[in-house]
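A.B. asks: Sequence plus predicted model, see below.
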Amino acid sequence: MMNQKKKILLLTTGGTIASLSSSEGLVPGLNGSGLASHLSGITDNYDISVKDILHLDSSNIQPEEWVIIAGHIHENYKQFDGIVITHGTDTMAYTASVLTFILQNIPIPVVITGSQLPLAHPLTDAVDNLRYAFAMASSGIGGIYLAFNRKIILGCRAVKIRTTGFDAFESVNYPYIATIDSTGLNINHPAIPEKTGEPMYLNKLCSDVFLIKLTPGLNPKIFDMLVGLNYKGIVIEAFGAGGLHFIHRDLISKLEKVIERGIPIVISSQCLYERSDLSIYQTGQLALKQGVIQAYDMTTEAAVTKLIWALGQTSNLSHIREIFATSYAGEITI
């Protein structure tokens, strides 16, 4: 008896993969049926359903759109074996990260993919990336993933590292979930995060989070401005393992005053690889005494979206500390 085809839902959101040329450059143009018309042959092994949910360049996909995307996944995941989402590459890692927190312990694979060239381009990378996404979506391994250039990356560990190269994404501080070669889809089972409980759908977000990259000489008064603009949380990309200046311009004392107002401050590293550790140097230890939260080996995208998600669940600073001390899907090494 022939194996029954896996039921895969393809959700389209726009992005380069669905773009067409215009007088103003590439703009989202292909809808779901238009995408599907280019995929004859690669979808024959699956029972594909297509649903258009957005038609946006990913630069315009923001927290409001994250909730829409997550809602469609939540409404449909019980009827399908897997879900593939086409998405622009510029903010794909942010979407993959935040879906990890909204849709915890999802029992089916949800795989986000896109391309560096439009699907209609004769040299496109879109067809291959969709092949990889469909393969992972039919694997039966629940979770949020990103498929690109023969790699399957855990969604909350993906970072875009190239603007035009086809090898656009990397898994930072975490092994690949799978790779694709002549032997097929090679799943790295030890890298699959263990489920922490039953599926949960927690879609409340707080978009009032600011990311700032520390530079030598940064004026601490900028944090007064952020407080005045009613930001509820701040992520700082600090130097190296987490260094912050306090000579000439006392940034650390300013952070203490911000935290005293109940605003969480998360410290990550400007370095792409390895972990921040504020306990190593004097500057970091001083910051820890003031109550900053460590991001350790989280990506910036994961740290920002986790804070956006955490503030949607609670405004209690102690609770937010507990959230950042918890690994929900492999986003942080505790």
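C.D. replies: Yep, it's here.

A.B. asks: which residue sits closest to residue 259, ignoring its sequence neighbours?
C.D. replies: residue 291 (4.5 Å; CB to CB, 6 or more residues apart in numbering). (Each C-beta comes from the backbone N, C-alpha and C, glycine too.)

A.B. asks: what does residue 261 give?
C.D. replies: residue 227 (6.5 Å).

A.B. asks: before we move on, what SS does residue 231 have?
C.D. replies: Secondary structure, DSSP: H, G, I helix; E, B strand; the rest coil: residue 231 is coil.

A.B. asks: Tell me how far it lies from residue 63.
C.D. replies: Distance, residue 231 to residue 63, by CB to CB, to the nearest Å: 14 Å.

A.B. asks: cool, and residue 254?
C.D. replies: Residue 254 is 27 Å from residue 63, by CB to CB.

A.B. asks: that older thread, quick one: residues contacting the residue nearest to residue 259.
C.D. replies: 256, 259, 265, 317 (CB atoms under 8 Å, 6 or more residues apart in numbering).

A.B. asks: ok, now how distant is residue 143 from residue 76?
C.D. replies: 16 Å.

A.B. asks: okay, these two: which has more neighbours?
C.D. replies: Higher neighbour count among residue 143 and residue 76: residue 143, with 26 against 15, using other CB atoms under 10 Å.

A.B. asks: Make sure the more buried one is actually in contact with residue 192.
C.D. replies: Yes: Residue 143 lies in contact with residue 192 (CB atoms under 8 Å); the separation is 6.9 Å.

A.B. asks: Need the residues touching each of those two.
C.D. replies: residue 177.

A.B. asks: Where do the helices of the chain begin and end?
C.D. replies: Using DSSP state H, the helices of the chain run over 32-37, 63-76, 92-102, 126-137, 222-228, 251-260, 282-290, 300-313, 317-324.

A.B. asks: buried stuff in the fifth one?
C.D. replies: Judged by neighbour count using 16 or more other CB atoms under 10 Å, the buried positions of helix 222-228 are 223, 226, 227.

A.B. asks: neighbours around the closest residue to residue 186 other than its chain neighbours, how many?
C.D. replies: Using CB to CB, 6+ apart and skipping the chain neighbours, the partner closest in space to residue 186 is residue 179 (5.2 Å). For residue 179, the count of nearby residues is 16 (other CB under 10 Å).
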